[in-house]
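**Q** quick one: sequence plus predicted model below, questions after.
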Amino acid sequence: MGVRAEVEGLLKEGNLYLEIRGDQGGILIGKHGRTLEALQMLVNRMVNKRLKNAMRVILDVDGYRKRRAESMAQMALRLGDEAKRTGHSQVAGLLNAYDRRIIHITLKEDPFLETESIGEGELKRVKIVPLKDRDNPLKPFE
């Protein structure tokens with residue numbers, strides 16, 4: 001790709017984490033992390049083609065995954081609050097499996113919300129559904 005970068009690796013819990021640092025990280029990340037996802041898939045295929053026991057390789061560029069996870073969690077909380085406030089389901093745009101997982105995990109403990117992935121293919125939406133008060137199902141949303 002013509003990008004100069006340094007790569008640091010860490011083996012943790014059977015996964016290989018590769019942190020890439022460079023001055024052109026945006027090219028490696030791509031729009032909404034799609035280039036990074038594609039690179040990760042290619043690296044996983046190349047690495048596991050040569051191994052007897054499969055290993056998951058996780059790529060990150062300049063801490064992008066952590067920043068993205070924080071952003072997705074904030075969006076999930078915002079949409080969850082809106083769903084509870086209005087009583088209407090909210091839908092998060094087309095997301096990859098990693099981003100959808102963050103939304104599901106972020107809202108999992110909220111007793112007044114349910115989440116579900118909707119759609120086909122790799123990119124799906126997450127629907128955030130408000131639930132009535134379980135102790136008093138006739139109570140309206142606040």
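**A** Sure, I can see it.
**Q** give the buried residues for stretch 108-124.
**A** For stretch 108-124, burial by neighbour count (16 or more other Cβ atoms under 10 Å) applies to Asp110, Phe112, Leu113, Glu114, Thr115, Lys124. The way it works is simple: take the backbone N, C-alpha and C, and place the C-beta from them, glycine included.
**Q** and for stretch 95-110?
**A** Buried-residue list, stretch 95-110, by 16+ other Cβ under 10 Å: Leu95, Tyr98, Asp99, Arg100, Ile102, Ile103, His104, Thr106, Leu107, Asp110.
**Q** farthest-apart pair in those, please.
**A** Greatest spacing in the buried residues of stretch 95-110, by Cβ to Cβ: Tyr98 and Asp110 (20.6 Å).
**Q** alpha carbons of the top helix by length along the chain, as PDB, please.
**A** Secondary structure of the chain per DSSP state H: the longest helix is helix 64-86. Extracted C-alpha coordinates of helix 64-86, given in PDB (Å, rounded to 0.1, in the frame of the first residue of the first chain):
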ATOM      1  CA  TYR A  64      -8.500   3.300  16.300                       C
ATOM      2  CA  ARG A  65     -10.400   0.300  17.700                       C
ATOM      3  CA  LYS A  66     -10.400   1.700  21.200                       C
ATOM      4  CA  ARG A  67     -11.600   5.100  20.000                       C
ATOM      5  CA  ARG A  68     -14.300   3.500  17.800                       C
ATOM      6  CA  ALA A  69     -15.500   1.300  20.700                       C
ATOM      7  CA  GLU A  70     -15.900   4.400  22.900                       C
ATOM      8  CA  SER A  71     -17.800   6.100  20.200                       C
ATOM      9  CA  MET A  72     -20.100   3.100  19.600                       C
ATOM     10  CA  ALA A  73     -20.800   2.800  23.300                       C
ATOM     11  CA  GLN A  74     -21.700   6.500  23.500                       C
ATOM     12  CA  MET A  75     -24.000   6.200  20.500                       C
ATOM     13  CA  ALA A  76     -25.600   3.100  22.000                       C
ATOM     14  CA  LEU A  77     -26.300   5.000  25.300                       C
ATOM     15  CA  ARG A  78     -27.700   8.000  23.400                       C
ATOM     16  CA  LEU A  79     -30.000   5.900  21.300                       C
ATOM     17  CA  GLY A  80     -31.000   3.900  24.300                       C
ATOM     18  CA  ASP A  81     -32.000   7.000  26.200                       C
ATOM     19  CA  GLU A  82     -33.900   8.300  23.200                       C
ATOM     20  CA  ALA A  83     -35.800   4.900  22.900                       C
ATOM     21  CA  LYS A  84     -36.700   5.000  26.600                       C
ATOM     22  CA  ARG A  85     -37.700   8.700  26.400                       C
ATOM     23  CA  THR A  86     -39.900   8.400  23.300                       C
END
